[in-house]
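Peer 1: predicted model and sequence follow; I will ask about them next.
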Amino acid sequence: MSHDDVSPGHPRTVVVTGGALGIGGGISRRLAADGDHVVLVDIDADAAAATSGEIETAGGRCTVLVGDITQDETVDRLAALVEREQGHADVLVNNVGDFRPAKSFFGKSPPEQWRRLHELNLWHVFTVTRALLPGMIAAGGGSIVNVSTVEAFRGIPGNAVYSAYNAGVSAFTKSLAVEVGPSGVRVNAIAPDLADTPQTPADLMLGGRDPALLRSWLPAGRFGRPEDYAGVVAFLASPDAAFITGHTIPVDGGTLAASGWYGKASGRGWTNMPDQA
C-alpha cells in the first residue's frame, strides 16, 4: 500500500498549520471530511475550537494544538504530539502566511517588519517541515503541501518582502521535492489569490467598487472561496497526485494569466483594477 493510500480503519494523520480560519479552515474541514485525522494548529484558541467542533459534529476527527507556529516551542509541542499520538504525520500542510505587517514603500519599512514577515511566511515552513519530515521518511513516504501566493510570481508594489519570502516557499518546494523524492515524500504547493476570507474579506478587496467589475478583473468572475483552495490541496495530498512533486499550482481564478498592475492616473500608488488606472 502506498503511503498516500488510506485503508479502512487507518485514517491518515494530517497536520494543518493555521488550520482554523480562511483557507486553512477550509483545508481542515475538507481533509477531515475525506476521512483524515486532522491535527489543527492555530494561534487563535476560540477559532480553533469552533472549527474543531464543526469537524467533530460532522463526524470527523480533529486534535487541536494552540500556539504560534513561528515559535520553536510550538513546533516542539507539535512534533511531540504527533509522535506520541500518531507516530508520524502522513500529510503536512504549511498554511500559515500573512502580508501584514507591511509598509507601503520598501524604502521606509523597518527591518523588524522584515523579520516578522520572514517568520510568518518562510521560517516556520522550514522548522515545521524539518520537525515532521524524519517521521515521514521513516514511514516510507508522505505528502507536504505548502501555501505560497501568486505574488511570488508577479510584482506586487508595497509588499516586496512578502513576495520575496513566498517566492522562497515555492523555491524550497521544488528543491526539497528533488531531495526527498527517493524517500517517497512528495512536496508541492498552491499559490492562492483573491481569497474571500476573514483576513481578506470581499468588501475590503472591492473597496466600495461595483462587484460587477469582477468580470473584468479576473477570468473566473468571482473571488475564491476556502473550498476552492482546499480541493486542490486535497488532490495534491491524494494518490491521484502520486506522480506530481515539486510544483506550485496557482489557484487564482486566472489572475496570474490575465492580470497586471497599473499606475494610477493620479500618480499616487498602484492598482490592479482596470477601472482605477
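Peer 2: Thanks, I have the structure now. All figures in this text were calculated on a predicted structure; none of them were measured in a lab.
Peer 1: any weak-confidence spans in the stretch 151-277 of the chain?
Peer 2: For the stretch 151-277 of the chain, applying pLDDT under 70 flags the ranges 216, 259-267, 270-277.
Peer 1: how about the helices in it?
Peer 2: Using DSSP state H, counting those that start in this stretch, the helices of the stretch 151-277 of the chain run over residues 160-180, 202-206, 214-217, 226-236, 255-258.
Peer 1: pick the most buried one from those helices.
Peer 2: Burial of the helices of the stretch 151-277 of the chain is given as mean neighbour count (mean count of other C-beta atoms under 10 Å); helix 226-236 ranks first at a mean of 21. C-beta coordinates here come from the backbone N, C-alpha and C atoms, glycine included.
Peer 1: just checking, what packs against that helix?
Peer 2: Helices and strands touching helix 226-236, by 3 or more C-beta pairs under 8 Å, 6 or more residues apart in numbering; DSSP states H and E, are helix 22-33, strand 142-147, strand 185-192, strand 248-251.
Peer 1: hmm, back to that, nearest to Gly269 among the helices of the stretch 151-277 of the chain would be which one?
Peer 2: helix 160-180 (14.6 Å; C-beta to C-beta).
Peer 1: what's the average pLDDT for the helix or strand hosting Val93?
Peer 2: Per DSSP states H and E: Val93 is located in strand 91-94. For strand 91-94, mean pLDDT rounds to 98.
Peer 1: pull up the pairing partners for that strand, direction included.
Peer 2: Strand pairing for strand 91-94, determined by DSSP bridges: strand 13-17 (parallel), strand 142-147 (parallel).
Peer 1: please work out which of these is packed deepest.
Peer 2: strand 13-17 (a mean of 29).
Peer 1: quick one: that one to chain centroid distance?
Peer 2: Strand 13-17 has its C-alpha centroid displaced from the chain centroid by 12 Å (C-alpha atoms, centre = their mean, to the nearest Å).
Peer 1: quick revisit: so after the strand holding Val93, what's the next helix or strand?
Peer 2: Tracing the chain past strand 91-94, the next element assigned as helix or strand by DSSP H and E is helix 111-118.
Peer 1: what about the residue nearest to Ala167 when sequence neighbours are not counted, neighbour count?
Peer 2: Of all residues not flanking Ala167 in the chain, Ala152 sits nearest, at 4.1 Å (C-beta to C-beta, 6 or more residues apart in numbering). Here the number of neighbours of Ala152 (other C-beta atoms under 10 Å) works out to 23.
Peer 1: look up how far Asp42 lies from Ser76.
Peer 2: Not quite, residue 76 is Asp, not Ser. Per C-beta to C-beta, to the nearest Å, Asp76 is found 17 Å from Asp42.
Peer 1: these two: who's more crowded?
Peer 2: Just comparing Asp76 and Asp42: by other C-beta under 10 Å the higher neighbour count belongs to Asp42, 28 against 13.
Peer 1: can you pull the contacts of that one?
Peer 2: By C-beta atoms under 8 Å, 6 or more residues apart in numbering, Asp42 lies in contact with Thr17, Gly18, Gly19, Ala20, Leu21, Gly24, Ala48, Thr51, Val64, Leu65, Val66.
Peer 1: double-check that the third one belongs to a strand.
Peer 2: Right, Gly19. No - assigned with DSSP: H, G, I helix; E, B strand; the rest coil, Gly19 falls outside any strand and is coil.
Peer 1: looking at it, it is touching Gly25, isn't it?
Peer 2: Yes - the pair Gly19 / Gly25 is scored as a contact, 6.6 Å apart, by C-beta atoms under 8 Å.
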